[in-house]
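[1] Quick one, structure for this:
(chains A and B)
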Amino acid sequence: MSCENSSCSASNGEPTATRSAAPMWIIVAALVILFVGGYYFDQHSGWFDPKVYAPYASGEKLSAYQPQSGEAAALAKGKAVYESVCGICHGSDGLGKPGQAPALAGSEWVVAKGFNRLAHIPLAGVNGPIQVAGKDWNMAMAAMGAALPDDSLAAVLTYIRGSWGNKASAVSADDIKKIRASMGGASVPCSCDQLKAMPE
Amino acid sequence: MKTGVSIFTTAFVALGASWLSLVYAPFQQLGGAKQTIVLQSTDIYPLQRTGEATLGAQVYRANGCAACHSQQVRQRDVATEITLTDLGVHKPVDFADFVKSLSELPELALYKNSLNANLKDWNGGLPKTLWRGTDKDIAAEMADRLKSVGVKSETRIVATGVDIARGWGSRQSVAADYLYDTPVQLGSLRAGPDLANIGVRAPDVNWQLQHLYAPRSLVKNSTMPAFRYLFTVQKIGAQPAPEALVLPKEFEPADGFEVVPTAEAKELAAYLVSLKSNVPLYEAPFTPIIPTK
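    Residues are numbered from 1 along each chain as shown, chains lettered A, B, ... in the order given. Below is the predicted model of the structure:
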């Protein structure tokens, strides 16, 4: 007896392989596993970098553990201080924010040959009209740096003088100490004219 | 066979994928490995072994040393350690109180117990390890606070893990350590200690030779077999041979005889003292302890 109807093939006749769609839940489960695996891979593999071994999860984490020379360490510290103290208004890109704070990138106050005037700004604060990089500002900045230790302030000034295209000399903690001493504890915000009256 | 093509394709893809991931990808990753520079120096690492030591690697292989010895230091994590070196004007007791007050700060509260435990039985001796932890930023913050009160401290990066605690190395083994090994003899069983840094622990060739001839003359409870066939016991001639082993009494051969290493024993010893992987590298950084004179 021939069996032309496939419904009877299970009971008699040769079994044949037929194609059938995979159930939806398998496809969904496979995609979920793929996603979790991909996420884990991204977080932990270091992307096949031959230099990255466990316990370092990525090249960035590994480079954070590299011993830094004096200059690099100061810059890294300056960046950290900048981002927690200054960057909120001046922007982490140093371009300033309209209505909040002028740009530091390309500012003549920042890249001046000497840093005496520049150091007075965070140590005493600024008040009143001031021109920065061709733009007029009339605002007040509090003495944000007065509470920072000498080396942190030196690091952050070094950082802003050497970042975003600025190329000016570094500032040392001793320099800050001297400037702080010369101010004699005064914390009255300077005006632009007062700053200009100081040596560079 | 209707499904022949799909079986072939499936098998080809499966084998091809394993070839890609087990052969091709590792070759892309490490096939071009070259010598590197030791961190914070201009020294090149690793250096090619001497000819004698290169031959010794084959003696090591022939005698199945890798069956009982691994050459691979494992590392669990990396920690930052703060060591006090100078208290300045502070007294140890005041200082302990200061640290206690620090540990009340919200960002350091997590470390309160470990800080207090470290200072509990401190008699004021320096240098003193104040803290060890995996959070680098917290360590930097602590160092900053110590600095601001005039206390000098050193921050060191240390590798941690059981192998490192056993003194088998300062950091984990990485691919660069095996650059000149053909074949790489990693070993998988540790009936004996790991040998990745045996040249650091026992840099004396004579110690290695004596240990090969009579392990228990140097390490009392050693389970290592004595490799006596790598040595010749010969009658002392007109003068004793200059390279004859100096052995303790109970391991000496009969009167009038001396133990002389064969060329193979000397090569093996040269290979063993060449096993050193204790320098910091970019991929395995740590702060080396510079010996004070």
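
[2] which residue ranges form the helices in chain A?
    A:24-44, A:59-64, A:70-81, A:87-90, A:116-124, A:150-161, A:173-183, A:192-197 (DSSP state H).

[3] need those in a markdown table with mean neighbour count, can you?
    Quick note: C-beta positions are derived from backbone N, CA and C, even for glycine. Listed next are the helices of chain A as a markdown table, based on neighbours: other CB atoms under 10 Å in any protein chain shown:
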| stretch | mean neighbour count |
| --- | --- |
| helix A:24-44 | 10 |
| helix A:59-64 | 14 |
| helix A:70-81 | 16 |
| helix A:87-90 | 17 |
| helix A:116-124 | 21 |
| helix A:150-161 | 24 |
| helix A:173-183 | 15 |
| helix A:192-197 | 14 |
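
[4] Compare these and give me the one nearest chain B.
    Ranking the helices of chain A by proximity to chain B (CB to the nearest CB) places helix A:59-64 first, at 6.4 Å.

[5] Show me the contact partners of the closest one.
    Residues from elsewhere that reach helix A:59-64, judged by CB atoms under 8 Å, 6 or more residues apart in numbering or on different chains: A:Gly46, A:Trp47, A:Asp49, A:Lys51, A:Val52, A:Tyr56, B:Lys136, B:Tyr282, B:Glu283, B:Pro285.

[6] that older thread, any chance of the helices of chain A in JSON lines, with mean pLDDT too?
    Shown next, in JSON lines, are these (pLDDT from 0 to 100):
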{"stretch": "helix A:24-44", "mean pLDDT": "94"}
{"stretch": "helix A:59-64", "mean pLDDT": "86"}
{"stretch": "helix A:70-81", "mean pLDDT": "74"}
{"stretch": "helix A:87-90", "mean pLDDT": "85"}
{"stretch": "helix A:116-124", "mean pLDDT": "83"}
{"stretch": "helix A:150-161", "mean pLDDT": "84"}
{"stretch": "helix A:173-183", "mean pLDDT": "82"}
{"stretch": "helix A:192-197", "mean pLDDT": "76"}
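
[7] need the ones you listed in CSV with distance to B:Pro253, can you?
    Putting those into CSV (distance: least, CB to CB, whole Å) gives the following:
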stretch, distance to B:Pro253
helix A:24-44, 57
helix A:59-64, 54
helix A:70-81, 60
helix A:87-90, 77
helix A:116-124, 80
helix A:150-161, 68
helix A:173-183, 69
helix A:192-197, 90
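
[8] rewinding a little: quick check on the contacts of helix A:59-64: which are buried?
    A:Gly46, A:Lys51, A:Val52, A:Tyr56, B:Lys136, B:Tyr282, B:Glu283, B:Pro285 (16 or more other CB atoms under 10 Å in any protein chain shown).

[9] residue contacts, the last one?
    If I follow you right, that is B:Pro285. A:Leu62, A:Tyr65, A:Gln66, A:Pro67, B:Leu39, B:Val78, B:Ile157, B:Arg171.

[10] what about it, distance to A:Leu123?
    Distance of B:Pro285 to A:Leu123, given as CB to CB, to the nearest Å: 37 Å.

[11] If we ignore the residues flanking it in sequence, what's nearest the residue in the stretch 151-293 of chain B positioned nearest to chain A?
    Residue of the stretch 151-293 of chain B nearest chain A, by CB to the nearest CB: B:Glu283 (4.3 Å). Nearest residue to B:Glu283, sequence neighbours excluded (CB to CB, 6 or more residues apart in numbering or on different chains): A:Lys51, at 4.3 Å.

[12] Show me where chain B dips below the pLDDT cut-off.
    B:1, B:290-293 (pLDDT under 70).

[13] what's the longest helix in it?
    helix B:4-19.

[14] Which SSE is immediately downstream of that one?
    helix B:25-30 (DSSP states H and E).

[15] for B:Arg201, what are its contacts?
    B:Arg201 neighbours (CB under 8 Å, 6+ apart): B:Gly167.

[16] can you check A:Met183 too?
    Here A:Met183 is in contact with A:His120, A:Leu123, A:Ala124 (CB under 8 Å, 6+ apart).

[17] Mind putting the residues you listed into JSON lines with distance to chain B?
    Shown next, in JSON lines, are the contacts of A:Met183 (distance: CB to the nearest CB, whole Å):
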{"residue": "A:His120", "distance to chain B": "22"}
{"residue": "A:Leu123", "distance to chain B": "17"}
{"residue": "A:Ala124", "distance to chain B": "21"}
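
[18] Quick one: residues contacting the residue nearest to B:Glu283.
    For A:Lys51, the contact set (CB under 8 Å, 6+ apart) comprises A:Gly59, A:Leu62, B:Tyr282, B:Glu283.
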